[in-house]
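Asker: build the 3D model from these lines:
(4 chains)
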2 protein chains.
Amino acid sequence: MTTLDRPLRKDAERNRQRVMVAARELFAEEGLDVTLDDIARRAGVGVGTVYRRFPDKEQLIDALFEERIAAVAAIANDGLDIADPWTGLVHFLEASLELQVVDRGLKQVLLSTTHGQARVEDARDTIEPIVIALLTRAQEAGVVRDDIVVHDLVLMQHAIGEVADYTREADPDVWRRTLLVLLDGLRPDRRRPTPMPGPPLDAAGLLCSMQHWGGSRRRSSPSGA
Amino acid sequence: MTTLDRPLRKDAERNRQRVMVAARELFAEEGLDVTLDDIARRAGVGVGTVYRRFPDKEQLIDALFEERIAAVAAIANDGLDIADPWTGLVHFLEASLELQVVDRGLKQVLLSTTHGQARVEDARDTIEPIVIALLTRAQEAGVVRDDIVVHDLVLMQHAIGEVADYTREADPDVWRRTLLVLLDGLRPDRRRPTPMPGPPLDAAGLLCSMQHWGGSRRRSSPSGA
DNA sequence: ACACAAGCGGAGCGGTTCTCTCCATTTGGA
DNA sequence: TCCAAATGGAGAGAACCGCTCCGCTTGTGT
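Answerer: Next comes the predicted model:
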């Protein structure tokens, strides 16, 4: 549909790329709520140009995030390649959260059905079986408690992702502390706490987080004036 | 300011109450984003009436949530009354989350500075010292790991509150599972997992959650047509 | 019973936001 | 050279929201 019907004029193709790059950046920085006008502005093209290439916003999201979600699936696969079942699971949880911290839109696409289309949905469905493998392997090895299921892990991803979002401005790494406690809770037997990965959030940091958190709407200038 | 200047006419006072009740209900059900028009409609009065009693939305929120936040503080105090330090801390975390599940606005008021005014802020500041007492008591008793601080607990509240919000429609109790894992992670030494408080989220439940989650904006009819 | 201040409702103003269309103009390439 | 392809960006259209204003109603003190 893109490359087959007609080779697309040279400048048109270049603009298409620019739009995709700009969209990727803005979605990552601000989340999926950014305006197509914002994207057009950052891409240095007119809105009309964006709409000629992508019928609507959802199509653009769909096109862009298929690959991002695939990256998450790849991380899960990497986890399976790690010999130690516990390390493998932790790798997935940590690394996929790192992706979400860097890309705000990714979280929304992963956790909501209201964004993206078929391609995104398919990509999403790819992940679950791999995570199940990761989890049951760990459980069979006796390093993760038996009473949890994949969906518990999804909820945990959501929980920690939210912490990361909340504290993003104040300290982009505190979420690791919360994750660590959760991970310690996942073990069936643990004699000592795992050492914390960094310092806690201080008072100023919490205040900063509270100020930046909208609870619903955010206020900020995406890029330029 | 309310009862002193002038006794307020009988019907006026009755309407004031209606507005407060309606606002409390709507803020609880939908969060702080509801329109004052919605509140007026549910109260069965005109918007003008609302604005005559409450200069603006923030004042209304401030007036209403001072008491709700005090309830959270009360819960923390109840926790201190419990003899066992661990049970006391758990009581606070669980009960305050239960309040947040029932009242969506409460979470926003607790975690954001952009809502409410001085009264809400004061009430919020009341809580922290009590929680610190709760936490250090548990740590001194050796039932909570030493490396966490109050703000870690705040972040955990946020994390679990978000899970509760996410899964609200599908299963209003699954958040307890996530909380339980987190709690198990808080212990300095644990030989066996604490039994889960309920069944996990099934596939349909997750789908339902995904559909209801906006990530930013929600869509729904507050009450009437 | 009456008069008038207090209170009322809700249309609508002024503002913002966001998606998407339209068309006069520019530009690539056979 | 010439025209289909591509462009840009003003602005239509459709929400939403906080708040005001004013003609009408109602409680209340005398």
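
Asker: elements contacting the longest helix seen in chain A?
Answerer: If you go by DSSP state H, chain A has its longest helix at helix A:57-81. For helix A:57-81, the packing partners by 3 or more CB pairs under 8 Å, 6 or more residues apart in numbering or on different chains; DSSP states H and E come out as helix A:10-30, helix A:36-43, helix A:85-102, helix A:104-111, helix A:118-140. C-beta here means a position set from N, CA and C on the backbone, and glycine is covered the same way.

Asker: did I read that right, residue A:205 in a strand?
Answerer: No - with DSSP: H, G, I helix; E, B strand; the rest coil as the criterion, residue A:205 is located in helix rather than a strand.

Asker: excluding chain neighbours, what is closest to the residue in chain A that chain B sits nearest to?
Answerer: Chain B sits closest to residue A:185 of chain A, with a gap of 3.1 Å, by CB to the nearest CB. Leaving aside its chain neighbours, residue A:185 sits nearest to residue B:185 (3.1 Å; criterion: CB to CB, 6 or more residues apart in numbering or on different chains).

Asker: what's the angle from the helix or strand harbouring that neighbour to helix B:118-140?
Answerer: Residue B:185 is part of helix B:175-186, with elements assigned from DSSP states H and E. Angle between the axes of helix B:175-186 and helix B:118-140 is 50 degrees (criterion: axes from the mean of the first three to the mean of the last three CA atoms, to 10 degrees).

Asker: and helix B:175-186 with helix B:85-102, angle?
Answerer: Using the same axes, to 10 degrees: helix B:175-186 against helix B:85-102 is 150 degrees.

Asker: ok, back up a step: dump the residue contacts of the residue of chain A closest to chain B.
Answerer: Listed by CB atoms under 8 Å, 6 or more residues apart in numbering or on different chains, the contact partners of residue A:185 are B:180-186.

Asker: burial count for residue A:83?
Answerer: Residue A:83 has 6 neighbours, counted by other CB atoms under 10 Å in any protein chain shown.

Asker: in terms of helix, strand or coil, where does it fall?
Answerer: coil.

Asker: mean neighbour count, the helices and strands packed on helix A:57-81: which tops it?
Answerer: helix A:104-111 (a mean of 24; mean count of other CB atoms under 10 Å in any protein chain shown).

Asker: what packs against that helix?
Answerer: Helix A:104-111 sits against helix A:10-30, helix A:57-81, helix A:85-102, helix A:118-140, helix A:150-167, with contacts defined as 3+ CB pairs under 8 Å, 6+ apart.

Asker: tabulate the ones you listed (a markdown table), appending distance to residue B:7.
Answerer: A markdown table is the format used below for the helices and strands packed on helix A:104-111 (distance: least, CB to CB, whole Å):
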| stretch | distance to residue B:7 |
| --- | --- |
| helix A:10-30 | 51 |
| helix A:57-81 | 55 |
| helix A:85-102 | 56 |
| helix A:118-140 | 61 |
| helix A:150-167 | 45 |
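
Asker: out of these, flag the one nearest DNA strand D.
Answerer: Comparing the helices and strands packed on helix A:104-111 against DNA strand D with CB to the nearest atom of the strand, the closest turns out to be helix A:10-30 (3.4 Å).

Asker: and that closest one with chain B, contact?
Answerer: No - residues of helix A:10-30 contacting chain B under CB under 8 Å from any CB of the partner chain: none, with a closest distance of 10.4 Å.

Asker: could you confirm whether that helix reaches DNA strand D?
Answerer: Yes - judged by CB under 7 Å from any atom of the strand, helix A:10-30 and DNA strand D are in contact via A:11-12, A:15.

Asker: tell me which parts of chain A are close to DNA strand D?
Answerer: For chain A, the contact set with DNA strand D under CB under 7 Å from any atom of the strand comprises A:6, A:8-9, A:11-12, A:15, A:37, A:44-49, A:51-53.

Asker: tell me the one of those nearest residue A:101?
Answerer: The closest of those to residue A:101 turns out to be residue A:37 (CB to CB; 26.4 Å).

Asker: got the contact list for the closest residue in space to the closest one that isn't next to it in sequence?
Answerer: Nearest residue to residue A:37 in three dimensions, chain neighbours excluded: residue A:47, at 5.5 Å (CB to CB, 6+ apart). Contact partners of residue A:47, counting by CB under 8 Å, 6+ apart, are A:36-37, A:40.

Asker: keep only these that also lie close to DNA strand C.
Answerer: Residues of these in contact with DNA strand C (CB under 7 Å from any atom of the strand): A:36-37.

Asker: nearest to residue B:170, of the contacts of residue A:47?
Answerer: Distance to residue B:170, by CB to CB, is smallest for residue A:36 among the contacts of residue A:47, at 31.9 Å.

Asker: pretty sure the closest one sits against residue A:58.
Answerer: No - using CB atoms under 8 Å as the test, residue A:36 is too far from residue A:58 to be in contact (11.0 Å).

Asker: rewinding a little: the longest helix of chain A and DNA strand C, any residue contact?
Answerer: Yes - shown here: helix A:57-81 in contact with DNA strand C (CB under 7 Å from any atom of the strand) through residue A:57.

Asker: what angle sits between that helix and helix A:118-140?
Answerer: Using the same axes, to 10 degrees: helix A:57-81 against helix A:118-140 is 20 degrees.

Asker: and helix A:57-81, what's buried?
Answerer: Neighbour-count burial for helix A:57-81 flags A:57, A:60-66, A:68-69, A:72-73, A:75-76, A:79-80 (criterion: 16 or more other CB atoms under 10 Å in any protein chain shown).

Asker: please enumerate residues in contact with it?
Answerer: By CB under 8 Å, 6+ apart, the residues outside helix A:57-81 that reach it are A:19-20, A:23-24, A:27, A:32, A:36, A:39, A:50, A:54, A:88-89, A:91-92, A:95-96, A:99, A:103, A:105-106, A:109-110, A:115-120, A:122-124, A:126-127, A:130-131, A:133-134, A:137.

Asker: then stretch A:191-206?
Answerer: Contacting residues not belonging to stretch A:191-206 are listed as A:167, A:170-171, A:173-174, A:176-177, A:180, A:183-184, A:209, B:145, B:147-149, B:151-152, B:154-155, B:188-189, B:191 [CB under 8 Å, 6+ apart].

Asker: ChimeraX command for the buried members of the residues you listed?
Answerer: ChimeraX command restricting the contacts of stretch A:191-206 to the buried ones, with burial defined by 16+ other CB under 10 Å:
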select /A:167,170,171,174,176,177,180,183,184,209 /B:145,147,148,149,151,152,154,155,188
